[in-house]
Every structure is written in C-alpha cells, then in structure tokens.
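J.: please find the sequence and the predicted model below.
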Amino acid sequence: MLADQLNAVSGCFDLAAQDAVYRAIFTRRDVRSHFLPDPIGDDVLARLLLAAHHAPSVGFMQPWNFIVIRDLERRERVRDLFFAARQQELPHIAEERRELYRKLKLEGICESPLNLVVTCDRGRSENSPLGRWHNPEMDLYSTVCAVQNFWLAACAEGVGVGWVSILDREALKQLLGIPDHVVPVAYLCVGHVSEFAEKPDLERHGWGRRLPLTDLIMSEVFSGEGEAALKAVAAGISGSPAR
C-alpha cells in the first residue's frame, strides 16, 4: 500500500494503521447503486456521526447538524425534487454530453435505507468571529470537513455514501423545515452495499478522468514552475508522468 511506498517514518500510527487511512481515502466512492436493504445499526451510525462531529472547524464553531431521514414517503418527495432539478440542469449540459448525462445514475435516495442531511447553522458563531472575520464562509468549509470525516469513516465500516447535489436548496429547506439561517450542505444516501466500484462511476462511464497530480503542483506563486523533485516523487506514487 501507499504507506510502504512512502517509506513512512515511525509516529503515532504504525504502517498498518497508515495503510488503513490511505485505503479509506483511495477506495472511498460516491455510491449511487448497489445499496442493500439491510438497515444501518444505530451503533454504526453513531460512530459515523461521531467521526463527523470530530471534524476540524474554524474557531471551534462546530456549525453542523445531522438530519436523519428514514421515512420512505419523505425520501420519495426528496427524489421528486431531484428529478425536477435534473430536468432544470439538463439544458445547461453540453449538447454532445446530454445522452450520457441521461444514462448516469446520480442518486440512490430511495434505494438506500436512510438519508442524511448535513447542515451548517450560520448563526451558531455570530458572537465569535475567530477565523471568519476575513473569510465568513469558513463555517461552510468546516461543515464540508464533517461530511468528509463521515464519508471516510463509512468507507472503513463498509458503508456506502452518495452525495446528491442536484437539488433545489430552497425547496429542500421547505420540505424539511430547515430555518432560513441554516444551510443544507450535503444530502447523503447511506447504506450497506454489495460492492464498491474499483473506479469512480463518472470515470468508469467516461464523463471525466482524474487529473495528473503533477499538473496541479505549483511553486511559490500560481502557475509557478519548479518543485521538480516533489513532482517526480508524486509521479512515482500516483502513476502520473512528471511534467
């Protein structure tokens, strides 16, 4: 695994633990299908939420909340919002890609046994501008970190997660009774799955490809040339050519 390739130095994690972290990162998938009907045990879900709750947050604001949605009728209404939003999005897709877009499986709202909405309460740290005075959106970014923690922990537990972003935010807020000052950041489909795909679905279906890491490394300033040694190492562990 990657930890061996990196010849990682000794620290708090041994090589096996390091491998587990990298495995979760590299095998995590945005799951849209292959959900099993088996319910998620409260013990498992509680662990995943605890992982999310330990995400980094600027100013220790912890702006997140977690809405667990199990009711099928409610999820069907959310799925209706998805279908409506997808129809609105379609005209903005390049014409030559619309046929592929129509074929893509982009949600598992009713197939998964539960849905989870991760929200950001933008009023939670009104009296504590630490870290937000110049960057007021940091509460939103912190909430995204909670989503990532949840996702990686789920992968480690063998639980699939799919992020449904094709939803009208205001319509979703109205359906779920979310107050004006609270932002729904992520709508997640969560459940045990029969398999995790070897590659991301959009890559498998030809929608896009992973960019070479070496093309994204810059030196000192934006588009700055340099860091040849770093790029060579990055190319060696990721399989991308150094440029």
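T.: Nice, I can see it. Residues are numbered from 1 along each chain as shown.

J.: quick one: contacts for residue 33?
T.: With CB atoms under 8 Å, 6 or more residues apart in numbering as the criterion, the residues that contact residue 33 are 105, 108, 111. For every residue, glycine as well, the C-beta is placed using N, CA and C.

J.: helices along the protein, start to end?
T.: Taking DSSP state H, the helices of the chain run over residues 2-6, 15-27, 42-53, 72-89, 98-103, 138-156, 169-176, 201-204, 228-238.

J.: list buried residues within the contacts of residue 33.
T.: When burial is judged by neighbour count using 16 or more other CB atoms under 10 Å, the buried members of the contacts of residue 33 are 108, 111.

J.: closest to residue 209 among the contacts of residue 33?
T.: Taking CB to CB as the measure, residue 105 is the one of those closest to residue 209, at 18.8 Å.

J.: what residue ranges in this structure score low on pLDDT?
T.: Low-confidence segments of the chain, defined by pLDDT under 70: 1-11, 239-243.

J.: same thing but 80
T.: Across the chain, the stretches falling below the confidence threshold (pLDDT under 80) are 1-11, 125-129, 131, 239-243.

J.: helices and strands around the longest strand seen in the chain, which ones?
T.: As far as residue count goes, and with DSSP state E defining each element, the longest strand of the chain is strand 182-192. Taking 3 or more CB pairs under 8 Å, 6 or more residues apart in numbering; DSSP states H and E as contact, the helices and strands that strand 182-192 lies on are strand 114-121, helix 138-156, strand 159-163, helix 169-176.

J.: circling back to that earlier point, of all the helices of the chain, which lies closest to residue 186?
T.: helix 138-156 (4.6 Å).

J.: related to what we said a few turns ago, within the sheet, what are the partner strands of the longest strand of the chain, with directions?
T.: strand 114-121 (antiparallel), strand 159-163 (antiparallel) (DSSP bridges).

J.: need the winner for burial among the ones you listed.
T.: Neighbour counts (mean count of other CB atoms under 10 Å) averaged over each of those peak at strand 159-163, with a mean of 23.

J.: list the contacts of that strand.
T.: Outside strand 159-163, the residues that touch it by CB under 8 Å, 6+ apart are 29-32, 34-35, 40, 44, 48, 107-108, 112, 147, 150-151, 154-155, 186-193, 196.

J.: that one: how far from the chain's middle?
T.: Using CA atoms, centre = their mean, to the nearest Å, the mean C-alpha position of strand 159-163 is found 8 Å from that of the whole chain.
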